[in-house]
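In: Sequence first, then the predicted structure, then my questions.
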Amino acid sequence: MTGASRGIGRAIAERLAQRGAKVACVATRAENCADTVAACNAATDGAAAYGVDVSDHAAVNELVKNVQAELGGLDILVNNAGITRDQLMLRMSEDDFDRVIDVNLKGCWNFMRAAARPLMKSSGRILNIASVVGITGNAGQANYAASKAGVIGMTRSLAKELAGRGVCVNAIAPGFIETDMTAEIDAQAADALKGSIPLGRIGTAAEIADAADYLLGPGGAYVTGQTLVVDGGLSL
């Protein structure tokens, strides 16, 4: 479970632990996942924290090997790690573009590449956290939108590659969700944001975990290559 230190990642990690999984909680630094690991272990023993730069291909390969050895195998991969570096196209630096692509898109590929063989052995599941912005686009987020659109396309492609081995590969595209980032939005902007959402409110991390619970649980056994949009109707 990448990006497990807070928000959506922590909510999904805790839900997996509640279902009995030993969760490998991954963040840039292992210590960032201390609270998530504690919450997971309160439900099921075996959670552990790992630190890695998800854009580092060799480091990701090594981490996946360590997780298999230390936790006794690999059945589920959740790619949630992501960053934003928002700026209008004409003001966006090359570094801002490259870093978002490296973390959000290449990081997802790195973990799927490293985990594919063990997941084929277990007929496991892959869940990638994309974004509604990867479908609709958004001014000032050309880099982020490109990375998340890429995640959606990669999800569909890998679903076709791994279906013959019983591996289901899906994505969730959240809309605006209550996280540390959205908490920084001022009240006026938050009201305007809510007004753009047909259901009239910002979603919660728990609601994304509910969607993940479906796709990673028994109900998702015949679902692959899909992107489940959880956005309160924002993309309609």
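Out: Yep, that arrived.

In: what's Gly140 sitting at in phi/psi?
Out: phi 90, psi 0 (degrees, to the nearest 10).

In: how far out from the middle of the chain is the helix or strand containing Ile8?
Out: Per DSSP states H and E: Ile8 is located in helix 7-18. Relative to the chain's own centre, helix 7-18 is displaced by 11 Å; criterion: CA atoms, centre = their mean, to the nearest Å.

In: swap in stretch 207-225?
Out: The answer for stretch 207-225 is 13 Å, by CA atoms, centre = their mean.

In: Just the residues contacting that stretch, thanks.
Out: 8, 11-12, 14-16, 19, 76, 78, 125, 127, 129, 155-156, 159-160, 163, 167-170, 172, 174, 177, 228, 230 (CB atoms under 8 Å, 6 or more residues apart in numbering). Just so you know, the C-beta spots here come from the backbone N, C-alpha and C atoms, and that holds for glycine as well.

In: helix/strand/coil for Tyr222?
Out: Per DSSP: H, G, I helix; E, B strand; the rest coil, the local secondary structure of Tyr222 is coil.

In: hang on, the earlier thing: buried residues of the helix holding Ile8, list them for me.
Out: For helix 7-18, burial by neighbour count (16 or more other CB atoms under 10 Å) applies to 7-17.

In: Compile the residues you listed into CSV and extend it with columns for distance to Phe97 and pLDDT.
Out: Formatted as CSV, these follow (distance: CB to CB, whole Å; pLDDT from 0 to 100):
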residue, distance to Phe97, pLDDT
Gly7, 24, 96
Ile8, 23, 97
Gly9, 24, 98
Arg10, 28, 98
Ala11, 29, 98
Ile12, 28, 98
Ala13, 29, 98
Glu14, 33, 98
Arg15, 33, 98
Leu16, 33, 98
Ala17, 36, 98
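
In: Out of those, which comes closest to Lys148?
Out: Ile8 (13.2 Å; CB to CB).

In: give the contact list for that closest one.
Out: So Ile8 contacts 80, 129, 174, 177, 179, 205, 208-209 (CB under 8 Å, 6+ apart).

In: Could you rerun that using 6 Å?
Out: 80, 205, 208 (CB atoms under 6 Å, 6 or more residues apart in numbering).

In: Now, of the contacts of stretch 207-225, which are buried?
Out: Counted by 16+ other CB under 10 Å, those give 8, 11-12, 14-16, 76, 78, 125, 127, 129, 155, 159, 167-170, 172, 174, 177, 228, 230 as buried.
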